[in-house]
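S.K.: A structural model of the following input is requested.
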Amino acid sequence: QVQPVESGGGLVQEGGSLRLSCVASGGAFSSSSVGWFRQVPGKEREFVAAITAIKKNTFYGDSMRDRSTISRDKDQNTVELQLHRLKPEDTAVYYCNRMVSIYNTASFLDEWGQGTQVTVSS
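M.R.: This next block holds a predicted model:
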């Protein structure tokens, strides 16, 4: 079982930016599509963005389509999510997970990790 580990969250003012990182032990991401999701307590987990392994095709959810950028390093072991022009409603715990298909936002493969908290103040 792969356990993704997220980091990079924090407190930021409205309009600010953050860079989130996701890694998995043993190079487990190297041949997998990886997606970012977010969740607010009491609400369903929401898809944010995903990226494929080889061609690095990307797919974005509606919530942050124009305010986020997903990428992965050349070794494919780290997947980053850059968040721009953040709004208070972006406050959530952000998670990453391997996916079967970046276009099937329910196709995650692993148990959810601890996530990383993003808090945007107004």
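
S.K.: use CA for all of it now, contacts and neighbours both
M.R.: Noted.

S.K.: In terms of pLDDT, where does the residue nearest the centre of the chain sit?
M.R.: Centroid check for the chain by C-alpha atoms, centre = their mean gives Trp36 as the closest residue, at 2.3 Å. Among the per-residue scores, Trp36 holds a pLDDT of 98.

S.K.: Show me how far stretch 55-73 is from its chain's centre.
M.R.: Mean C-alpha position of stretch 55-73 versus that of the full chain (C-alpha atoms, centre = their mean, to the nearest Å) differs by 9 Å.

S.K.: CA-only coordinates of it, as PDB, when you get a sec.
M.R.: Presented in PDB, the C-alpha positions along stretch 55-73 are these (Å, rounded to 0.1, in the frame of the first residue of the first chain):
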ATOM      1  CA  LYS A  55       3.200  12.600 -21.100                       C
ATOM      2  CA  LYS A  56       2.400  14.800 -18.000                       C
ATOM      3  CA  ASN A  57      -1.100  15.600 -19.400                       C
ATOM      4  CA  THR A  58      -3.100  17.600 -16.900                       C
ATOM      5  CA  PHE A  59      -6.700  17.900 -15.900                       C
ATOM      6  CA  TYR A  60      -8.200  20.500 -13.600                       C
ATOM      7  CA  GLY A  61     -11.400  20.600 -11.600                       C
ATOM      8  CA  ASP A  62     -13.700  23.600 -11.900                       C
ATOM      9  CA  SER A  63     -12.900  25.000  -8.400                       C
ATOM     10  CA  MET A  64      -9.300  26.100  -9.100                       C
ATOM     11  CA  ARG A  65      -8.900  25.600 -12.800                       C
ATOM     12  CA  ASP A  66      -7.400  29.100 -13.400                       C
ATOM     13  CA  ARG A  67      -5.700  29.400 -10.100                       C
ATOM     14  CA  SER A  68      -3.700  26.300  -9.800                       C
ATOM     15  CA  THR A  69      -0.800  24.600 -11.600                       C
ATOM     16  CA  ILE A  70       0.100  20.900 -11.200                       C
ATOM     17  CA  SER A  71       3.500  19.600 -12.100                       C
ATOM     18  CA  ARG A  72       5.900  16.800 -11.300                       C
ATOM     19  CA  ASP A  73       9.700  16.600 -11.100                       C
END
